[in-house]
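Engineer: Sequence isn't available, so here's the structure alone:
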């Protein structure tokens, strides 16, 4: 049974929430100015979490 559960979680990984993607987007800021611009993008709705990929 444990092998089946592990197989299912391997095949269907958890999709990160929008909040988690926003936090990752903010964490990737390289300067204070960049962080402020990213915060504004999120507040204005310009950040699209569907297209953001964290590597």
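Structural biologist: Noted; the coordinates are in hand. Predicted model, so just to flag it, every value in this text is computed and none were measured.

Engineer: Show me where the chain dips below the pLDDT cut-off.
Structural biologist: 54-55 (pLDDT under 70).

Engineer: Does the residue nearest the centre of it fall in a helix, a strand, or a coil region?
Structural biologist: The geometric centre of the chain, computed from its C-alpha atoms, lies nearest to residue 21 (Cα atoms, centre = their mean), at 1.9 Å. Here residue 21 is helix, with the state taken from DSSP: H, G, I helix; E, B strand; the rest coil.

Engineer: That one touches residue 51, doesn't it?
Structural biologist: No: under the criterion of Cβ atoms under 8 Å, residue 21 makes no contact with residue 51, lying 9.9 Å away. In short, each C-beta sits where N, CA and C put it, glycine included.

Engineer: ok, back up a step: could you tell me how far the residue nearest to the centre of the chain is located from residue 42?
Structural biologist: Residue 21 sits 10 Å away from residue 42, going by Cβ to Cβ, to the nearest Å.

Engineer: Then residue 11?
Structural biologist: Note on residue 11: its distance to residue 42, by Cβ to Cβ, is 32 Å.

Engineer: Please apply the same query to residue 14.
Structural biologist: In terms of Cβ to Cβ, residue 14 sits 22 Å off from residue 42.

Engineer: Tell me if I'm right that residue 26 and residue 38 touch.
Structural biologist: Yes: if you go by Cβ under 8 Å, residue 26 and residue 38 touch, sitting 5.5 Å apart.

Engineer: any idea which helix is longest in this protein?
Structural biologist: The longest helix of the chain (DSSP state H) is helix 32-44.

Engineer: ok, residues contacting that one?
Structural biologist: Applying Cβ atoms under 8 Å, 6 or more residues apart in numbering, the contact partners of helix 32-44 are 22, 25, 26, 28, 29, 46, 47.
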